[in-house]
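Peer 1: Kindly return the folded structure for what I paste below:
(2 chains)
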Amino acid sequence: MAPRPSGFSLLHPTDAATTARVKDVNAKRATPGSQTSLRESNRARIIEAVKHHGGLAQVELAGSTGLSPATVSNIVKELVAAGILQTTPSTRSGRRSQYVTLARNVGLVAGVHFGARHLRVAVADATGQVLADQRMPLGTDHRADAGLDRVALLLADMVESLDATLPELLAVGLGVPAPFDTSTGHVSSSSMLRGWGGVEIARVTSKRLGAPVFVDNDANLGALAELRQGAAKDVAQAAYVSVSHRIGSGLIINGEVYRGSIGTAGELGHVTIDEDGPICRCGNRGCLETFAGAQHLLELLRVSHGALTLRDVIRLALEGDAGCRRVVADAGRAVGIALANLCNLLNPSRVVVGGELARAGDILLDPIRETVGRSALPAASGALEIVPAELQGEAEILGAIALAIEHATVNVMANVPS
Amino acid sequence: MTQTTAAPAPSASKQNLVLSLRGITKRFGAVQALTDVDLDVHEGEVVALVGDNGAGKSTLVKVMAGVHPQDEGTITFDGKPARIGTPAESRDLGIATVFQDLALCDNLDVVANLFLGHEKTSAGTLDEVAMEKRSWDLLRQLSAKIPSVRIPIASLSGGQRQTVAIARSLLGDPKVVILDEPTAALGVAQTAEVLNLVERLRDRGHGVILISHNMADVQAVADRVVVLRLGRNNGDFAVADTSYEDIIAAITGATDNAVTKRATARASQPEASALPGHVSVAKTDAPEGETR
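Peer 2: Numbers count the residues shown, from 1 in each chain, chains lettered A, B, ... in the order given. The predicted structure is shown next:
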């Protein structure tokens, strides 16, 4: 790993609350209204757009910043020379184009995904290329303190294995399997993720790592990754549904992940399916999760199959075990009912189904399609495609990396001649 | 998550019972190391054996490994009564044990370590090619991250050594793999590797007995937790229904001695379906769905 150019500095926001978008223009400011300040702000705009999209074609850059193609071309050239951006030749609708990303040696970012039963940690360079990746199983009621401690140790280990040091880490994106309240910085209620209530995840972790940490719900991160590089690419109105130990969804509205007023939008798992149904861990009754979550599936199979894990169920279903297929299909039907309501409300053009259970393929997807077709408005379901996730199993961790890149602090001013 | 159900017995109907120990008792002079201990392992099941220091975990492992044959009690393997008098008998039966010290030779390479003592030969010379191929096969099945099979063990990390030791234990195609404190001396990254490995062993259909002090690791990979306390069974929990607190309470003795509970359970259950040990707190009147 090449040493970071000297002009880059790391911002350590004292309050690492995820809501705060750290602006990179923090160095010497030019007089407002002057030519210099205009160029500065244009540069900042371009870098902001590149970080936001993770990477995009130079023509798209012009579209998304509103600057003229000539200005974009000039500034990109300047920033490439300064080692902040890098371009790779590619083709776009048959024409040659330049794909613009942050430069590889700007620094490292990390993604962390706490699943219900596993932990995934990955380190990537500033272009989003994953350099190191580690997965480990977790217990059902894994605790925040032990988990976050492991993350810190693992990350330090992985960064070291890349011949880099922790200060090179620009930002960390972290996904949790529960609604995350951005107004408090906590998991929204402790019953949703036992052992995590009241923990200031971002603050605790960034203190350990010395890099800012940005937290989001894992389904939102899955949606972000599918939107940027997966099955929802270039789809403006879409939804990502993760069916796994828990059920979550990320809503994509007008090409952006919609998080709601405090970040808990898209909790599809807690949509009411049966008002008189079983009590859910969220405190309500008959939530989707009590009909399609792993715990319910495994409980149903316990009588006939004994104690299984979710992986066993998927494997057996794919091998043709009738009981497991039925249980997965029934879960699909329940998800379909909730999705039909979602489609009536938001009218997405594509729904991407991910999560561990999606590996069962059409055993899960066909009942979802059937139920949505039956229960949603014909107009809404007619224009709708329900597709499997493209980034199967990788969506959440790639989303966490994308979140980290989006919020990474890059100091532009010190490096560019004005 | 306080509800635990007594019936049906966890995983009893799932797969075949491979190894079953009943009433195992072991004395060393005046020391009563094990008293009337029961243990079951099914195919494709990870059973964690936990307990305080001196609870008898290692002694029980040594009984199964043939190091210290039991004084009393019976062992059934694959439905047939078995006698494990020596380590060789244990291995021939299909039980592979990976001890904490791993017993690897630091100066030999990975292949030599895997085949140490049962090298493959062709025409009187070592068949290095066949052994190397088999080594890669094994390590690939375990998705092991080993840079080369021709480097000395001394240059591998703790997790990689553990992987080699486990791979070696799989050479005889055992039905049961016993791992004694596999993560005790490892860093987080290596622990992650070993836990992933345990999951893969389970997926391959091996019964795994995992001895560990780390409750987080136990909860992460085990299907069932068997608690020993002062040489006796003190609870048998299905991990899915059990909290840390329950297990810790059983280890420290904060909950009742399970032996008395087992006696009552035995008395109240028909003989045929009695699976001693599955006696976690019976609370069958809890409303359906309480724990969801």
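
Peer 1: Can you pull up the residues of the stretch 151-300 of chain A that come close to chain B?
Peer 2: A:153-154, A:157-158, A:194, A:277-281, A:289-290, A:293, A:295-296, A:298-299 (Cβ under 8 Å from any Cβ of the partner chain). Placement of C-beta: from N, CA and C, glycine included.

Peer 1: name the element the residue nearest the centre of chain B belongs to?
Peer 2: Centroid-nearest residue in chain B: B:I209, 0.8 Å away (criterion: Cα atoms, centre = their mean). Following DSSP states H and E, one finds B:I209 within strand B:207-211.

Peer 1: Downstream of that strand, the next helix or strand is which one?
Peer 2: Counting by DSSP H and E, the next helix or strand C-terminal to strand B:207-211 is helix B:215-221.

Peer 1: can you tell me which residues contact A:G269?
Peer 2: If a contact means Cβ atoms under 8 Å, 6 or more residues apart in numbering or on different chains, then A:G269 has A:R246, A:I247, A:G248, A:S249, A:C287, A:L288, A:E289, A:G293 as its contacts.

Peer 1: what's the burial count for the fourth one?
Peer 2: By other Cβ atoms under 10 Å in any protein chain shown, the residues close to A:S249 number 30.

Peer 1: do the same with the fifth one
Peer 2: When neighbours are counted by other Cβ under 10 Å, A:C287 registers 27.

Peer 1: Quick check: bridge partners of it?
Peer 2: On the basis of DSSP bridges, A:C287 is bridged to A:T272.

Peer 1: so where do the helices sit in the stretch 251-400 of chain A?
Peer 2: A:289-292, A:294-305, A:310-319, A:322-346, A:362-375, A:378-382, A:395-407 (DSSP state H, counting those that start in this stretch).

Peer 1: The strand holding B:I209 close to chain A?
Peer 2: No - between strand B:207-211 and chain A, judged by Cβ under 8 Å from any Cβ, nothing touches; the nearest distance is 12.1 Å.

Peer 1: Show me what that strand is in contact with.
Peer 2: B:18-19, B:39, B:41-50, B:57-58, B:61, B:64, B:175-182, B:198, B:201-202, B:217-218, B:221-222.

Peer 1: tell me the mean pLDDT for that strand?
Peer 2: Average pLDDT, strand B:207-211: 94.

Peer 1: Pull up the pairing partners for that strand, direction included.
Peer 2: Strand B:207-211 has its sheet partners listed here by DSSP bridges as strand B:46-51 (parallel), strand B:176-180 (parallel).

Peer 1: ok, the closest residue to chain A within the stretch 101-250 of chain B - contacts?
Peer 2: Residue of the stretch 101-250 of chain B nearest chain A, by Cβ to the nearest Cβ: B:Q219 (2.5 Å). B:Q219 makes contacts with A:L138, A:G139, A:T140, A:D141, A:H142, B:V239, B:Y244, as judged by Cβ under 8 Å, 6+ apart.

Peer 1: any idea how far it is from A:L174?
Peer 2: For B:Q219, the distance to A:L174 equals 21 Å [Cβ to Cβ, to the nearest Å].

Peer 1: rewinding a little: ok, and which of the helices of the stretch 251-400 of chain A has the densest surroundings?
Peer 2: Across the helices of the stretch 251-400 of chain A, the average number of neighbours (mean count of other Cβ atoms under 10 Å in any protein chain shown) peaks for helix A:395-407, which reaches a mean of 29.

Peer 1: Summarise which helices and strands that one is packed against.
Peer 2: When contacts are defined as 3 or more Cβ pairs under 8 Å, 6 or more residues apart in numbering or on different chains; DSSP states H and E, helix A:395-407 sits against helix A:35-53, strand A:108-114, strand A:118-125, strand A:130-137, strand A:169-176, strand A:213-217, helix A:218-229, strand A:238-243.

Peer 1: Dump the ones you listed to CSV, plus distance to A:I397 and mean pLDDT.
Peer 2: Formatted as CSV, the helices and strands packed on helix A:395-407 follow (distance: least, Cβ to Cβ, whole Å; pLDDT from 0 to 100):
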stretch, distance to A:I397, mean pLDDT
helix A:35-53, 18, 88
strand A:108-114, 5, 95
strand A:118-125, 5, 94
strand A:130-137, 8, 92
strand A:169-176, 8, 95
strand A:213-217, 12, 95
helix A:218-229, 8, 95
strand A:238-243, 13, 96
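
Peer 1: out of the ones you listed, nearest to B:S143?
Peer 2: Nearest to B:S143 among the helices and strands packed on helix A:395-407 is strand A:130-137; the distance by Cβ to Cβ comes to 10.7 Å.

Peer 1: That closest one near chain B anywhere?
Peer 2: Yes - counting by Cβ under 8 Å from any Cβ, chain B is contacted by strand A:130-137 at A:Q134, A:R135, A:M136, A:P137.

Peer 1: Count the neighbours of residue 243 for me.
Peer 2: Since no chain was named, I'll use chain A. A:V243 is flanked by 29 other residues according to other Cβ under 10 Å.

Peer 1: hmm, I had chain B in mind actually
Peer 2: Neighbour tally, B:S243, other Cβ under 10 Å: 18.

Peer 1: ok, it touching A:D141?
Peer 2: Yes - proximity of B:S243 to A:D141 meets the contact threshold set by Cβ atoms under 8 Å, at 6.2 Å.

Peer 1: Can you identify each of the helices in chain B by residue range?
Peer 2: Using DSSP state H, the helices of chain B run over B:57-65, B:87-93, B:110-114, B:128-141, B:158-169, B:188-203, B:215-221, B:244-252, B:258-268.
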